[in-house]
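Undergrad: give me a 3D structure for the following:
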Amino acid sequence: VGGPGSAESIARRLLEMLDLNIDHVCAEAASALADVLRKHPGLKTTISPPLPRTLRYATEAYGRASVIFLLGECGDIIREAPYALEKLIDTYDTLKDPHVKSTLLTSTVKLFFKRPPEVQRMLGRLLRKATEDVSSQDMHDRALFYYRLLRSDADISALEGVVLGPVTVESLFAEEEVEEAQALLMQEFNTLSIMYDKTSENFISEEYQTKFVKMPPEHPLQPGNTAPAETIPMQVHQAQPENLNGTAPAPAPPPAIVDLLGFGDSPSPAPVAAPSAPKPASLTLKATATMTGDEYQTQWGAVPDGEATVNTIGFKRIPASTTEVEAALTSMNIQTMASGELADEFKFFLYAVEEGSNAIYLLQSNISKTPSDISAILTIKTSQPGGGKSNELVEMIKSAFSAYA
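TA: Below is the predicted model:
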């Protein structure tokens with residue numbers, strides 16, 4: 001960033017700020033230098049000379065912690081580094097800030113691997129004080145970890161790899177952020193992706209990833225969509241004294257004559273013909289029905305959950321994809337608002353509109369992918385009295401799913 005030599009030039013300006021008699025400026029400069037060294041390790045020789053002097057005058061806690069970190073990183077080329085840290089170790093009981101204590105421990109351990117003869121005794125004193133420190137559980141645990149690590153029989157090169165491993169850059173500079181990567185990351189906002197600063201595909205196994213096969217802008221669970229679309233009014237019909245097949249109810253049969261006295265002389269009642277089973281009402285759906293996600297959510301919420309119809313359809317095999325299921329439903333003029341594939345199920349948001357009456361049927365379906373229990377749970381909501389023709393709609397869906405049943 002900024003071209004060749006710009007990093008060194010910035011580092012020199014920050015070093016000049018270390019000598020200013022303004023506490024917060026000195027602290028901020030030291031903190032910035034720590035970040036610059038993480039990004040450009042080759043600047044150690046430029047940054048290192050004034051550090052022992054700066055440590056004597058730094059008063060802000062985070063500024064002192066940054067200088068201590070720099071001494072640990074540059075200690076192999078700063079002759080006074082071990083003795084500068086030793087003064088802090090000898091006054092350990094007066095240190096109050098946990099971050100300063102933690103940085104002092106880490107830097108001293110690093111310096112031990114760079115200059116062991118000079119640091120061995122002071123590191124032992126620091127470990128004893130840190131393991132007895134009850135003011136910070138983190139400090140106690142870190143000190144115990146380092147103590148056990150040094151007492152282990154591990155190869156010295158392996159220990160150096162643990163303690164002196166490469167320092168990672170905490171974050172990118174603003175100019176280096178990739179807009180496309182940031183856009184993908186913001187799509188997973190309010191998840192662990194934000195904490196890890198990477199999309200879920202980088203830390204979640206493929207079988208547990210959520211795969212959205214189809215997700216239009218007007219998703220039914222995203223209110224506030226304003227995409228223009230044909231408005232389909234919800235039709236609320238008053239109950240009529242008719243059967244579902246549109247015919248008038250049959251007259252009730254005359255009451256039978258009962259022989260109350262048991263004389264056996266009551267006339268035999270006339271045989272009554274068994275009523276014929278009503279023909280199922282036919283259902284014809286619109287092939288060109290449309291609906292926005294906002295309308296879907298509003299109308300779904302308008303129908304109480306207690307009035308919803310829930311059905312289960314057994315499957316013998318798992319559908320290959322959501323696209324395959326959508327194609328089967330589209331053949332019956334059942335439209336898909338949105339669909340998605342999870343680790344253990346397919347999920348669909350569907351709707352259908354009856355031809356002629358414009359009656360709307362909203363559906364949500366979960367198709368289980370568990371081999372031992374492959375089934376589709378179908379929830380239907382409509383404002384039609386008695387569920388309207390929900391049963392006929394279920395039969396149409398069963399017909400569409402005949403390839404899986």
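
Undergrad: any idea how far the strand or helix carrying Ala181 is from the chain center?
TA: Element membership of Ala181 [criterion: DSSP states H and E] is helix 179-186. Counting by Cα atoms, centre = their mean, to the nearest Å, helix 179-186 is centred 15 Å from the centre of its parent chain.

Undergrad: in that helix, what counts as buried?
TA: Going by neighbour count (16 or more other Cβ atoms under 10 Å), the buried part of helix 179-186 is Leu185. C-beta coordinates here come from the backbone N, C-alpha and C atoms, glycine included.

Undergrad: average model confidence for it?
TA: In this model, helix 179-186 has an average pLDDT of 80.

Undergrad: after that helix, which helix or strand is next? Please name it.
TA: Next along from helix 179-186, by DSSP H and E: helix 192-196.

Undergrad: off-centre distance for that next one?
TA: Centre-to-centre, helix 192-196 and its host chain are 8 Å apart (Cα atoms, centre = their mean).

Undergrad: how near is Tyr208 to Leu111?
TA: Here Tyr208 is placed at a distance of 43 Å from Leu111 (Cβ to Cβ, to the nearest Å).

Undergrad: the two: which has the busier surroundings?
TA: Neighbour comparison, Tyr208 and Leu111: the larger count goes to Leu111, with 25 against 10 (by other Cβ atoms under 10 Å).

Undergrad: residues contacting that one?
TA: The neighbours of Leu111, taking Cβ atoms under 8 Å, 6 or more residues apart in numbering as the test, are Leu71, Gly72, Gly75, Ala81, Pro82, Leu85, Val119.

Undergrad: the stretch 301-405 of the chain: strands as residue ranges?
TA: Assigned by DSSP state E, counting those that start in this stretch, the stretch 301-405 of the chain shows strands spanning 309-314, 335-341, 345-353, 360-368, 375-381.

Undergrad: could you save those as TSV and add columns showing mean neighbour count?
TA: As requested, the strands of the stretch 301-405 of the chain are exported to TSV (neighbours: other Cβ atoms under 10 Å):
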stretch	mean neighbour count
strand 309-314	14
strand 335-341	21
strand 345-353	22
strand 360-368	22
strand 375-381	20
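
Undergrad: mind picking out the helix or strand in the chain with the poorest mean pLDDT?
TA: strand 211-214 (a mean of 55; mean pLDDT, DSSP states H and E).

Undergrad: Glu355: neighbour count?
TA: 13.

Undergrad: ignoring the adjacent residues along the chain, who's closest to it?
TA: Leaving out its chain neighbours, the residue that sits closest to Glu355 by Cβ to Cβ, 6 or more residues apart in numbering is Thr284, at 4.2 Å.

Undergrad: for that neighbour, phi and psi?
TA: phi -120, psi 130 (degrees, to the nearest 10).

Undergrad: before we move on, what about Ser136?
TA: The phi and psi torsions at Ser136 (degrees, to the nearest 10) take the values phi -140, psi 110.

Undergrad: return the residues in contact with it.
TA: Taking Cβ under 8 Å, 6+ apart, we find Ser136 in contact with Pro98, Lys101, Ser102.

Undergrad: among these, which are located in helices?
TA: Within those, residues falling in helices by DSSP state H are Pro98, Lys101, Ser102.

Undergrad: ok, back up a step: who wins for neighbours among the contacts of Ser136?
TA: Lys101 leads the contacts of Ser136 on contacts (other Cβ under 10 Å) with 25 neighbours.

Undergrad: pretty sure that residue is touching Tyr92, no?
TA: Yes. Judged on Cβ atoms under 8 Å, Lys101 makes contact with Tyr92 at a distance of 7.4 Å.

Undergrad: next, count neighbours for the residue nearest to Glu355.
TA: Neighbours of Thr284 under the rule other Cβ under 10 Å: 12.

Undergrad: could you do the one 3 residues further on as well?
TA: Burial of Ala287, expressed as a neighbour count using other Cβ under 10 Å, amounts to 11.

Undergrad: give me the phi and psi for it.
TA: With angles defined as degrees, to the nearest 10, Ala287 sits at phi -90, psi -20.

Undergrad: how about it, nearest residue that isn't a chain neighbour?
TA: Spatial nearest neighbour of Ala287, excluding adjacent residues (Cβ to Cβ, 6+ apart): Asn333 at 4.8 Å.

Undergrad: run a quick neighbour tally on that neighbour.
TA: Count around Asn333 with other Cβ under 10 Å applied: 18.

Undergrad: report the contact partners of the spatially most central residue of the chain.
TA: For the chain, Thr191 is the residue whose C-alpha lies nearest the centre (Cα atoms, centre = their mean; 3.3 Å). Counting by Cβ under 8 Å, 6+ apart, Thr191 touches Ser200.
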